[in-house]
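**Q** Okay, here's the prediction I keep looking at, along with the sequence it came from:
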Amino acid sequence: MKKIVIFAVSVILILSCVCAYADMPSPTDEFYAADYANILSDETENYIISQSKALYDQTGAQIVAATVESLDGKDVREYAIELGRGWKIGSEKNNGVLLLLSVGDDDYQCIQGSGLETLLPTSTLSRILQEDLEPDFADKNYDAGVKKTFASLYD
């Protein structure tokens, strides 16, 4: 009986993990710009993609900008972490950055992999978000805010 209970609990835990990832969007073909909320201009998407490709070719680091309509009740930080891990942002060096905007939830998050914590600490990410994203995000000028934020992250 004890083995059946342990097996049942294991199955439930596995299914809950699978379901948590099942509603995550997939990366786009271009990978670096995933505008599922349709708030970015083609110019901004192309800028992000070209700069990110160049950064990856030069350093192996990656910056990904993703937008979604809703987090479906999930915490924005946890959602960003799941997305970053699921998409494998940052290669084997764990040197990736994810900028995530959820327009329907009026929220955003930027996370970095552990390989960038010295070069790009959380305090720097917070400053970049406050200076470059927050004013435009509050005005719902998402495209401008993402472009400015991406440029600062790239620098």
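**A** Okay, I see it. Just so it is clear, the model here is predicted, and its values are computed rather than measured.

**Q** Can you pull up the most central residue in this structure?
**A** In the chain, the centroid-proximal residue (C-alpha atoms, centre = their mean) is Leu98; its distance is 3.4 Å.

**Q** contacting residues around it?
**A** 64, 66, 80, 83-84, 87, 89, 109-111 (C-beta atoms under 8 Å, 6 or more residues apart in numbering). Bear in mind the C-beta positions are built from the backbone N, C-alpha and C, glycine included.

**Q** Let's see the ChimeraX selection covering just the buried ones among those residues.
**A** Of the contacts of Leu98, the buried ones go into a single ChimeraX selection, burial set by 16 or more other C-beta atoms under 10 Å:
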select :64,66,80,83,84,87,89,109,110,111
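
**Q** Looking at the contacts of Leu98, which is nearest Ala37?
**A** Nearest to Ala37 out of those is Ala66 (C-beta to C-beta; 9.0 Å).

**Q** what about the residue nearest to the centre of the chain, distance to Tyr108?
**A** 11 Å (C-beta to C-beta, to the nearest Å).

**Q** ok, for Ala144, nearest residue in space, not its chain neighbours?
**A** Asp136 (4.6 Å; C-beta to C-beta, 6 or more residues apart in numbering).

**Q** right, I mislabeled it, should have said Tyr142
**A** Ile39 (4.2 Å).
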